[in-house]
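Q: Fold the following, please.
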Amino acid sequence: MKSIAQWEVVQHWDRIAELLMPVLARPEADNTLEDVRQFLISGGMQAWHVDWRVIVVTAIQTFGSNPQAPTKRVCQVVFCSGTGMDDWLEPVVTHLKAWAQSMNCHCLRISGRIGWKRVLPDFHETCTTLECEICPR
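A: Numbering: from 1, shown residues only. Below is the predicted model:
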């Protein structure tokens, strides 16, 4: 899995957009393609790819009233789209857990279709959201 730096988003935008279009076309998607582009360029979201077959978009969310000492940090998988999940799911999750831990996140969280529960057994269901603890608070 390779990260796409903020300054690389414009250069790779056509590839990123092509991979994101199926997930952003779903009725539950809250952002437009242009929204995601701006979040990636500004650093509000991060993008990752696996051989340009898979795109993962994450965002770090902080909770608590003091931004210098948040009560909780969550690495949220905002979008994930691609083919051949059996080949990439385990290494992607392993990579994201390590990265989220390096970012002082307490958990890795994904909200999405219920099918994620079947393929992410280390995660537990919280409503329709799944999360995996990384570092206890």
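
Q: Determine the longest helix present in the protein.
A: Longest helix of the chain, by residue count under DSSP state H: helix 85-102.

Q: Tell me the helices and strands packed up against that one.
A: On a contact count with 3 or more CB pairs under 8 Å, 6 or more residues apart in numbering; DSSP states H and E, helix 85-102 meets strand 46-50, strand 54-63, strand 72-82, strand 107-111. In this view, the C-beta of every residue, glycine as well, is placed from N, C-alpha and C.

Q: What pairs with the longest one, parallel or antiparallel?
A: In this case it means strand 72-82. Strand pairing for strand 72-82, using DSSP bridges, gives strand 54-63 (antiparallel), strand 107-111 (parallel).

Q: can you redo those strands as a markdown table with mean pLDDT?
A: Listed next are these as a markdown table, based on pLDDT from 0 to 100:
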| stretch | mean pLDDT |
| --- | --- |
| strand 54-63 | 95 |
| strand 107-111 | 88 |
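
Q: Return the helix or strand in this protein with minimum mean pLDDT.
A: For the chain, the helix or strand with the lowest mean confidence is strand 124-126, at a mean of 65 (criterion: mean pLDDT, DSSP states H and E).
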